[in-house]
Structure formats: structure tokens, C-alpha cells
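Undergrad: How does the following fold in three dimensions:
(2 chains)
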2 protein chains.
Amino acid sequence: MAPDGITTARAALPFAPSGIVTPTVPPDIVTPAILLDFAIVDANIRRMQAHATAAGVDLRPHVKTHKSVKVGRQQVAAGSTGITAGTLGEVEVFAEAGFDDIFFAYPVFATRARAERLRAVREVARLRVGLDSPVAADALAAAFSGGAPLEVVIEVDCGAGRCGVPPAEAGALAAHARSRGLLPAGAYTYPGHGDRDAAAPAEASEDELAALATAANAMRAEGIEPVILSGGSTPTSSRSARAPLTELRPGEYVYNDLGKLRVGACEPADLAFFVAATVVSDAVAGQVIVDVGTKALGREGSDQRGYGTAPDVPGAVLTKLNEYHGYLAVPEDVARPRVGDILVIAPNHVCPVVNLFDEMVVHEAGRPVGRWPVDARGHLS
Amino acid sequence: MAPDGITTARAALPFAPSGIVTPTVPPDIVTPAILLDFAIVDANIRRMQAHATAAGVDLRPHVKTHKSVKVGRQQVAAGSTGITAGTLGEVEVFAEAGFDDIFFAYPVFATRARAERLRAVREVARLRVGLDSPVAADALAAAFSGGAPLEVVIEVDCGAGRCGVPPAEAGALAAHARSRGLLPAGAYTYPGHGDRDAAAPAEASEDELAALATAANAMRAEGIEPVILSGGSTPTSSRSARAPLTELRPGEYVYNDLGKLRVGACEPADLAFFVAATVVSDAVAGQVIVDVGTKALGREGSDQRGYGTAPDVPGAVLTKLNEYHGYLAVPEDVARPRVGDILVIAPNHVCPVVNLFDEMVVHEAGRPVGRWPVDARGHLS
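TA: Residues are numbered from 1 along each chain as shown, chains lettered A, B, ... in the order given. The predicted structure follows:
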């Protein structure tokens, strides 16, 4: 009998796992390893860029997903305005690699050490940073006093309940920033409530557009004309590319994952990113153990929903993870993989997986390309 | 009003957070960063060693928790028999650092690439590896044919339902391994079901001792005298240090965390490992946002139970994590920390956190010691 959880996990995956095209596994691979199909990455990049271009909005991809200089260069080559980063370490890695237009979309608090590093980045790149409090504005102003004013973008909350002032208060914070010598360039928001279920992206998209409109009006009431109104996670990007938004900041579209598939943000064939795993044990009935656990996949998902699938084993779901062990529940009517088999795992959420590996095994539609570094892996602070 | 989840999260933490002693934060710290108090680490090492020594069993700490050569050396200096590792990468890092007695407690499948690396390790260290299938035995035998026989330890399942043959079948697998030219040295088991709740360690301890006794008898029935009967996670170690067990393999006792506290495996003052975080936003009522998310803490816990606490903010619980954001819910009657404040976070589970950082900021009872590398961070394959 299959262990508890398999039925629930399958029910929570409302799509045909058979639509996912898994890559060919190189014969010399040592698992666990990231398998990246750059042909699909490139197609994903071009599709999102074409969407933004057609809609007349800028695309500024978030590099937190890939942390890869090579992938970031492909995004810029395809037409993106610049990049978005989530940590100062990411900002630095990409600035050093020559990226010259970076939005650090985070409510950064400029301690003395961070201030010095931010100033060093601005020597080589255009830099904008997020802001959502007067206290942080004062620290940034002190860090950049005497030089050219730093561009700040006011973060407003559109429903995620994370960071950001209420949209109507964006004007007051922008005016405070201006009074301290900072240059308020516009507003941004994060529609993080758009990944809850398949209905969520549409609602979250309306929320972010409304929040940006309110923020823009609040800034104009203070005599500040916003030049950037930025939003757009991967789930909302298809709907949010319109006024008043001027800039999309999706990250995950570049690789995609089961989570994006679940909310309708991609098609099965758009998944470019997988993890190769070896079956190391079949000692317990109804499952096999693979050599990917939380230190390779994070713990994205739940015991009920599962932590990933093995698309080549129909209905198989990772129902439990330890640090170096993944419990792959295999339906009764499906042949269990054998010890020594290498499986391709589709993760729920790519971003934390990327951050756990130093390199990726890259191919392009089956042709080996090589090993690429995850340049900004870690770089948290 | 505090957001949903705070009441549930507090109820799920049945201990007084005020008992946790948080370290002094160095003034120049850049967050997020690991803060390690080596005085507490040393006390934890000595206590577990004294326990094992008094009970007459070997202690072979699992290095997956700390991945640190310096911490591992302290364990060996205190009297441990050797170390336990969970990946071939960990085995290599510690062998290169001079550790000469390593149990690779994992059902390793020896592909050609892995076989070569295993042989290289055995040139410099005593090596034992885990085994739970005839297929894996055959691959190991092929990898070591012609040389001195490789010592294997049969993994048996004592209730975790992960890896391991049923204990009564340990003899048959050991005999198979012997027939292929391997040297079966004994049996090991993982009482992973011992961390479910406060009652679990006692039951899991009984299970592991029973499983090891059965496995030993099964091996003897094949004429194989087990010289190692290995068990003992941190939660079960206090009870399992007795016959037939000969060797304890705990890992987490060296640092401890909220998870160990919850199941009664340590005292609040035994927590040696914390993460420093900066408050970056207080824009949403009832919470502050800190700069630790899943890329610093993993996702160990749940929205209901929480993902960690800030012991200096009474009742505060991380109720949600994004990649670079932690939502710290603060009770209504407690003053919210301010933007720019640095908080000390106590994680639910230290092991995945260790694996996300390249170094640790180490002090010893308040005196700065320096920055130590997490030598085997990553090294998954």
C-alpha cells in the first residue's frame, strides 16, 4: 500500500505531470545536481521580454531566482532595462560583472558598513534602492550626504502585508526623503499574495495596479512626479503590464517550477530547471529514497502537498524530506525505480534550490553546454 | 491587532523563551550572520562525551550539523571515536583535514565517479559506509575489488520508515555483502521518529535498541559478529547509551535549537547557535520584517508553529518567511523593535541554517574569537 499522503499530494497537483519534459541526464553526473536546459531558459526570457515590449513597459528581471551572471546577461541582451536584486551581496556580484542599472528592491537599512558598500556600487552602476520608513531614509541620506542624491523608490503594500507603507502614504514618505536630500523616483509594490492559488494572480494584479495608482497620485500631491511605478511578480506579470505600471520585476519566469504551474503562470514545457537525484534505497514499501533532501531542495511545500515530483515516474511525489533524504512516494500501480537509477526531480520552488548549489549542469536541448557557476549563491548580507 | 497565527505559534512553543540566553551582538556585524558561542559549544561537546564515556559507549558525532573542521576537532579532542558524515563531500572535506576515522552513514550507491573518490578517501582514513540493499553491495564490491575489503554497516529501520532493511533481515544482507568480498562490521539505525513531540524520544529509543538487538542476532545467525551497533540521534542519545548499542551518532547536540528544546533534548541555556538579523520594516501593524528568510533559515517549521523566535522580544515568533524577509509577529503588549535594530533569532533547526552560510561569527562567552568557515557547506554530492 502506498504511504499516507500520496493521495492528498496528488490531489494538490491539479495538472498533468506528464506534460513536463524532463531533460536528458548526462551519463557522468554526480547527484544531487542542478540540470538546466538553456534553450528553455532562453525561450522563457524572450517570451517575457516580448510581452513587456508589446505592452510598452520596462522589464527589470529579479536576479534572486538565478543568481547567475550568464543568465542575467541573456536577459539584458534580450532587452531588459536592467536588473532587480534582493540583497546587497547580489547587487555587488552583478555590479562587478558589469551590470550598470540595478534596482535594489529591498527596504535597505544603511549601517556604516552597508553605506560604504552602496557608495562603491554607485561608482560603477546606476543604483536605486527601496524605502519604506523615515528611519531608513535618514540612514540612507546620511550615507550619501555630500554626493549626488541617491534615487529611492517608495515601497507600498498592495495586500501582501509584508513591507511597504499604505499607498496613500507614499507621498508623505517621498516628501520626507526629498527633504533629506534623497531623490524619490517612484513607487514599487510586491503582489506576494498572488501565488496562493490559481485565482490569486488576477486579484493580486488588480491590487498592485490600484496600489501603484494611489501611490502615484499621493506623490504628485506632494509635487513629485513618479518616473517608475514598478510591480509584477511572475504570477501577475501577464496581467499587470499596463498603466499605471511602468516596470515589471518578475524573477521566476526564467526557470519556472511546480508552484508557477499550479497558479497558471507557465506551461509544463516551460520548466527549465530540475534536480538530478539518485535512488539510494528501496527498503520501505511504497516509496524509494533519493539523495535530495532539505539541503538540496529547501523545504518548500508540505507533507500534504508534497515537495516536488519525479515527472518520469507517473504520480510520484516527494512526501517527506530529511536533510539528505527525499521520500518519493510511488503509486501502487507504478513500477518503483531501482536503487542506482537517476531521477529528474521537478521542485516546487526554484529560488531556494538555486541558492543551495555552487554550479549548474547546463545543456541546450540535449547538447551539453558545461557547468555554470551560481555566482551570487549565498551573498545574503 | 496582532496578525493571525501568533496565538497558535505561541501555543506550539511549550517552553519559556525567556530561558534562552542570547549572545552579545558585535557592533560591526552585517546581517544576516551566524552567531556562535563556542563556550556553549564546548560545554555541549563535553557533556555528551561524558555521558557516552560513563555509559561505556563510543561517541561518533555527525558532522552534518556543523560542517566545521574546528568544531569537529573539538569533538575528537574531547574523546569521540571518530566522526559520522552524510555526504561524500563531507567525507572528503573532513578526510582532507586529517580526520582518520569516518563512518559515511548513508546508503551510498557507488557509481564509477563515487567509487574513485571513496577509494581516495580510504587511502588516508579508516572508512565505513552504510548499506541497505544487495544492489548497492554489488556496486561497492565492484568499486573495491582487488583491494582490502571495505567495511560496511547494515542499515536497519527501527520505525522512521526511511532507509534500512527490517532488522531481522540484517543477517541476510550482511551475508550477501560478505559473499561479494565486503566486510560487514555491524548495523546502524536512525530513530528519526524521535523528534515528533516530547514523548517521542523515549519510544524511539526503545525502538532503536530493539532493532539493533534483532539485527545483531540476525547477523550472528549468519556467523557474523557485529562489532558496531550504532544509533542515537540527539533526542534519543540520553536514553540509548546502553547495550546492545555500542556507538552514538548524534549531531545537533553540539549547537541545539528550538526543535531540540521542544522535545526535551536540551535546556534553554544549551542553545549555542543564533542568527543575527536587522529589522528592515515596521510598515505593517503587529509585526516587523527582519532580513532573514528562507535563504538564511530554510523553511523549518510551519506558518502555525512558526519558524523561529527572537528571544529578546517576549512572545515574538517568525510566522512567515519569504526568501529575504522574515515576518516577526510581535504580541500586542510588547514594544515592537525599531527599524535598524539588530535582533538575535533562535532557529527551529540548526542544520539547514549552517548549510546556508559560508562562515560563522564566533565568540566565547562574549569575547570575540573570529570568523570560522563552514568548511563543508554545500558539498552535497
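
Undergrad: Now stretch A:146-165: buried residues?
TA: Within stretch A:146-165, the residues that qualify as buried are A:150-165, counting by 16 or more other CB atoms under 10 Å in any protein chain shown. In this view, the C-beta of every residue, glycine as well, is placed from N, C-alpha and C.

Undergrad: And the helices in the stretch 251-381 of chain A, which stretches?
TA: A:258-262, A:294-297, A:350-354 (DSSP state H, counting those that start in this stretch).

Undergrad: And the top strand by length along chain A, what does it pack against?
TA: Across chain A, the strand with the greatest residue count (assigned by DSSP state E) is strand A:273-281. When contacts are defined as 3 or more CB pairs under 8 Å, 6 or more residues apart in numbering or on different chains; DSSP states H and E, strand A:273-281 sits against strand A:33-37, strand A:287-290, helix A:294-297, strand A:342-347, helix A:350-354, strand B:101-107.

Undergrad: quick one: it to strand A:342-347, angle?
TA: Using axes from the mean of the first three to the mean of the last three CA atoms, to 10 degrees, one finds that strand A:273-281 and strand A:342-347 are set 130 degrees apart in direction.

Undergrad: Now strand A:273-281: average pLDDT?
TA: For strand A:273-281, the mean pLDDT works out to 98.

Undergrad: Any idea how far it is from the middle of the chain?
TA: Distance of strand A:273-281 from its chain centroid, counting by CA atoms, centre = their mean, to the nearest Å, is 23 Å.

Undergrad: can you check stretch A:307-326 too?
TA: 22 Å.

Undergrad: Give the rounded mean pLDDT of that stretch.
TA: 95.

Undergrad: Repeat that for stretch A:234-254.
TA: Average pLDDT, stretch A:234-254: 96.

Undergrad: ends of that stretch, how far apart?
TA: One end of stretch A:234-254 sits 9 Å from the other (CA to CA, to the nearest Å).

Undergrad: could you check whether it is close to chain B?
TA: No: using CB under 8 Å from any CB of the partner chain, stretch A:234-254 stays clear of chain B, coming no nearer than 9.3 Å.

Undergrad: Buried residues, that stretch. List them.
TA: Neighbour-count burial for stretch A:234-254, with 16+ other CB under 10 Å as criterion, is recorded at A:234-241, A:244-254.

Undergrad: Please apply the same query to stretch A:363-376.
TA: Applying 16+ other CB under 10 Å to stretch A:363-376 flags A:His363, A:Val369, A:Trp372, A:Val374, A:Asp375, A:Ala376 as buried.

Undergrad: Could you count how many residues lie near the nearest residue to the fifth one once chain neighbours are set aside?
TA: This points to A:Asp375. Distance criterion CB to CB, 6 or more residues apart in numbering or on different chains; nearest residue to A:Asp375, sequence neighbours excluded, is A:Val69 at 4.8 Å. When counting by other CB atoms under 10 Å in any protein chain shown, one arrives at 20 neighbours for A:Val69.

Undergrad: okay but A:Val69 is in contact with A:Ala97, surely?
TA: Yes: under the criterion of CB atoms under 8 Å, A:Val69 makes contact with A:Ala97 at 4.4 Å.

Undergrad: what are the phi and psi values for the closest residue to A:Pro61 other than its chain neighbours?
TA: Ranked by CB to CB, 6+ apart and with sequence neighbours excluded, the top spatial neighbour of A:Pro61 is A:Gln75, at 4.8 Å. Here is the backbone geometry of A:Gln75 (degrees, to the nearest 10): phi -60, psi -40.

Undergrad: For A:Gln75, give me its contacts.
TA: A:Ile45, A:Gln49, A:Leu59, A:Pro61, A:Ile83, A:Val254 (CB atoms under 8 Å, 6 or more residues apart in numbering or on different chains).

Undergrad: out of those residues, who has the most neighbours?
TA: Most surrounded of those: other CB under 10 Å gives A:Pro61, at 30 neighbours.

Undergrad: What confidence value was assigned to the closest residue to A:Pro166 other than its chain neighbours?
TA: Spatial nearest neighbour of A:Pro166, excluding adjacent residues (CB to CB, 6+ apart): A:Asp157 at 6.4 Å. Looking at A:Asp157, its pLDDT stands at 98.

Undergrad: I figured A:Asp157 hits A:Ala211, correct?
TA: Yes: A:Asp157 is within contact range of A:Ala211, at 7.2 Å (criterion: CB under 8 Å).

Undergrad: what lines up beside the strand or helix carrying A:Val129 in the sheet?
TA: Secondary structure from DSSP states H and E places A:Val129 in strand A:126-131. Applying DSSP bridges, strand A:126-131 is found paired with strand A:101-107 (parallel), strand A:151-156 (parallel).

Undergrad: Show residues contacting the last one.
TA: Where contact means CB under 8 Å, 6+ apart, the residues beyond strand A:151-156 that reach it are A:103, A:105, A:107, A:126-132, A:137, A:140, A:163-167, A:169-170, A:173-174, A:177, A:182-190, A:211-212, A:214-215, A:219, A:228, A:230, B:281, B:283.

Undergrad: For PyMOL, write the selection for the buried entries among the residues you listed.
TA: Entered in PyMOL, the line below selects the buried ones among the contacts of strand A:151-156, by 16+ other CB under 10 Å:
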select buried, (chain A and resi 103+105+107+127+128+129+130+131+132+137+140+163+164+165+167+169+170+173+174+177+182+184+185+186+187+188+189+190+211+212+214+215+219+228+230) or (chain B and resi 281+283)
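
Undergrad: which non-adjacent residue is nearest A:Pro184?
TA: Nearest one to A:Pro184, counting by CB to CB, 6+ apart, is A:Ala174 at 3.8 Å.

Undergrad: Revised request: answer the last question for A:Ala277.
TA: A:Val290 (4.0 Å).

Undergrad: now the strands for the stretch 201-350 of chain A?
TA: Remark: strands assigned in the stretch 201-350 of chain A by DSSP state E, counting those that start in this stretch are A:228-231, A:247-248, A:273-281, A:287-290, A:308-309, A:317-321, A:326-329, A:342-347.

Undergrad: quick one: contacts of the last one?
TA: The set of residues that contact strand A:342-347 without belonging to it, under CB under 8 Å, 6+ apart, is A:17, A:20, A:22-23, A:25, A:29, A:31, A:35, A:257-258, A:271, A:273-279, A:290, A:292, A:297, A:300, A:307-313, A:318, A:326, A:328, A:337, A:353.

Undergrad: and the stretch 51-200 of chain A, which residues reach chain B?
TA: Counting by CB under 8 Å from any CB, the residues of the stretch 51-200 of chain A that sit close to chain B are A:64, A:86-87, A:106-109, A:111, A:113-114, A:132-133, A:135-136, A:139, A:155, A:157, A:161-165, A:192.

Undergrad: What does the closest residue to A:Ala210 other than its chain neighbours show for phi and psi?
TA: Leaving aside its chain neighbours, A:Ala210 sits nearest to A:Cys158 (7.2 Å; criterion: CB to CB, 6+ apart). Dihedral pair for A:Cys158: phi -110, psi 10, per degrees, to the nearest 10.

Undergrad: Touching, A:Cys158 and A:Glu208? I think so.
TA: Yes: under the criterion of CB under 8 Å, A:Cys158 makes contact with A:Glu208 at 4.5 Å.

Undergrad: and for the two, which residues touch both?
TA: Listed as contacting both A:Cys158 and A:Glu208 by CB under 8 Å, 6+ apart are A:Thr189, A:Pro191, A:Gly231.

Undergrad: nearest residue to the second one other than its sequence neighbours?
TA: Pointing back at A:Pro191 there. That would be A:Ala204: by CB to CB, 6+ apart, it lies 3.9 Å from A:Pro191.

Undergrad: distance of the one you found from B:Tyr255?
TA: 39 Å (CB to CB, to the nearest Å).
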